[in-house]
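Asks: Provided below for reference: sequence and predicted model.
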Amino acid sequence: FWTDSSGVIFSKFKSLNTNNKLDYKIAELCIEAISKLSNGVPMPLLIDLRDTKGTFSIPAAQLLANSFNNLSLIISEAYVINSLSINLLIRSYKRLYKTNISYAVFDDISMAEKYCLEFKNNMSK
């Protein structure tokens, strides 16, 4: 996780092992990193999942969904993907856990960053 002067929180996950799971402890660390990086200022989140395989545990998914809905630090999510399986995972997560945050899925990181910046600019008006 990192941020820059654009006011977007970036994250990159990379795992080539299909048996990997994002578990509750890692989800907690993700929430902690987002909280620290945002300094209490709501920001868009860009999640780069290109070349990632695996899934998440149900408790981790519930924690992420509940935290994102209740923290109000994330104003939008942009996912960057390059596989059908991760696309299906994201869409299933969003459907099952009913997060309130606007999101979009992209196969190009520059388009995802543009989405984040446009969302941020529209929120500040």
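Replies: Noted; the coordinates are in hand.

Asks: show me what the most centrally placed residue in the chain is bridged to.
Replies: With distances taken as Cα atoms, centre = their mean, the chain has Ile47 as the residue nearest its mean C-alpha position (4.5 Å). On DSSP bridges, the residues paired with Ile47 through beta bridges are Ser11, Tyr79.

Asks: got a list of what it touches?
Replies: Applying Cβ atoms under 8 Å, 6 or more residues apart in numbering, we find Ile47 in contact with 11, 13, 77-80. Heads up, the C-betas are built off the backbone N, CA and C, glycines and all.

Asks: for Ala112, see how far away it is.
Replies: In this view, Ile47 and Ala112 are 9 Å apart by Cβ to Cβ, to the nearest Å.

Asks: can you list residues touching both of the two?
Replies: Counting by Cβ under 8 Å, 6+ apart, the residues touching both Ile47 and Ala112 are 78-80.

Asks: in this protein, which spans are helices?
Replies: 24-38, 58-71, 84-97, 109-123 (DSSP state H).

Asks: so which elements touch the second one?
Replies: Read it as helix 58-71. Helix 58-71 sits against helix 24-38, helix 84-97, with contacts defined as 3 or more Cβ pairs under 8 Å, 6 or more residues apart in numbering; DSSP states H and E.

Asks: what pairs with the least confident helix or strand in the chain by mean pLDDT, parallel or antiparallel?
Replies: The helix or strand with the lowest mean pLDDT-type score in the chain, counting by mean pLDDT, DSSP states H and E, is strand 21-22 (a mean of 86). The pairing partners recorded for strand 21-22 under DSSP bridges are strand 55-56 (parallel).

Asks: thanks a lot, see you next time.
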